[in-house]
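> pasting the sequence and the predicted coordinates here, then a few questions.
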Amino acid sequence: MIMEKEKNTFFAMLDRMKYIERWSLMNNLEKENLKEHTFDVILLVHALITIRKIYFPENQPQLDPGEAVLFALYHDASEIITGDLPTPIKYFNPGIKEQYKIVESYADNVLLEQLPEKLRQEYAKYFNNEDELTADSKQKITILKFVKYADTLSAYIKCVNELKLGNREFNEAAISTKEKLKAYQSDEVNFFLENIMPTYELSLDQLQN
């Protein structure tokens, strides 16, 4: 039963992820929307955490993949309100970056207010609230770091897919994004780049054989 005095539009708002186009400053041969990107980040953060568990058990802390997936699910949810601000603008200078973080926080709160109050607290903990992190929340800090890795990895995969289609527009973006991934100095990211990333350049027939 829908409570008349409580808002319940949160999930309908999240469904609008499919209307938010990404890479708006670039000539895309394959369009990508926010809902597709979010799925990719969920898939990739789970992969990176599993790689840590299996191949790098000495790396601590070991992470809860279920928690990470939920952070990934909502990592860009604010863009339903703000749209996707292109990266060159978002990081143009420290002032713009800081102001955009304020806008993102405001948009997150707008979305959370669309939930009934009894549910709001359960969802709020998975939204971007890095300013609330404390020194003893190492698990959460590392999860957010892995979501960032997955987010960047998703961008690199997008670049590789466009280049595979012959779109040279993404050449510089591919180079700079790969450099960013290497700069993370993450065992898990490097493992993905070396052992999994080459398969994204294969055709369907090559993948099946």
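That came through, no problem.
> tell me which element the residue most central in space within the chain falls in.
The centre of the chain sits closest to residue 151, judged by CA atoms, centre = their mean, with a distance of 3.7 Å. Assigned by DSSP states H and E, residue 151 belongs to helix 138-164.
> just residue 188 next, same as before
Going by DSSP H and E, residue 188 is part of helix 187-195.
> any idea how far the helix or strand that comes right after that helix is from the chain center?
Next in sequence after helix 187-195, counting helices and strands by DSSP H and E, comes helix 204-208. Centroid displacement of helix 204-208 relative to its chain, using CA atoms, centre = their mean, to the nearest Å, is 27 Å.
> residues of helix 204-208 that come out buried?
Within helix 204-208, not a single residue qualifies as buried, counting by 16 or more other CB atoms under 10 Å. For the C-beta atoms, the positions are set from N, CA and C on the backbone; glycine is no exception.
> I'd like the average pLDDT over it.
Mean per-residue pLDDT for helix 204-208: 94.
> please apply the same query to stretch 79-89.
Rounded mean pLDDT across stretch 79-89 is 79.
> after the helix or strand of the chain with the lowest mean pLDDT, which helix or strand is next?
In the chain, the helix or strand scored least confidently by mean pLDDT, DSSP states H and E is helix 87-90, which has a mean of 66. With elements assigned by DSSP H and E, the helix or strand that comes after helix 87-90 is helix 94-112.
> got the CA coordinates for that next one in PDB?
What follows is helix 94-112, C-alpha atoms only, in PDB (Å, rounded to 0.1, in the frame of the first residue of the first chain):
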ATOM      1  CA  PRO A  94      40.100  22.900  -8.100                       C
ATOM      2  CA  GLY A  95      37.300  25.500  -7.600                       C
ATOM      3  CA  ILE A  96      35.000  23.900 -10.200                       C
ATOM      4  CA  LYS A  97      35.800  20.400  -8.900                       C
ATOM      5  CA  GLU A  98      34.900  21.500  -5.300                       C
ATOM      6  CA  GLN A  99      31.700  23.300  -6.400                       C
ATOM      7  CA  TYR A 100      30.600  20.300  -8.500                       C
ATOM      8  CA  LYS A 101      31.000  18.000  -5.400                       C
ATOM      9  CA  ILE A 102      28.600  20.400  -3.600                       C
ATOM     10  CA  VAL A 103      26.100  20.100  -6.500                       C
ATOM     11  CA  GLU A 104      26.500  16.300  -6.500                       C
ATOM     12  CA  SER A 105      25.800  16.100  -2.700                       C
ATOM     13  CA  TYR A 106      22.800  18.300  -3.200                       C
ATOM     14  CA  ALA A 107      21.500  16.000  -6.000                       C
ATOM     15  CA  ASP A 108      22.100  12.900  -3.900                       C
ATOM     16  CA  ASN A 109      20.000  14.400  -1.100                       C
ATOM     17  CA  VAL A 110      17.200  15.300  -3.600                       C
ATOM     18  CA  LEU A 111      17.100  11.700  -4.700                       C
ATOM     19  CA  LEU A 112      17.100  10.300  -1.100                       C
END
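> the next helix-or-strand element following it to helix 94-112, inter-axis angle?
Using DSSP H and E, the helix or strand that follows helix 94-112 towards the C-terminus is helix 117-124. Angle, helix 117-124 to helix 94-112, by axes from the mean of the first three to the mean of the last three CA atoms, to 10 degrees: 140 degrees.
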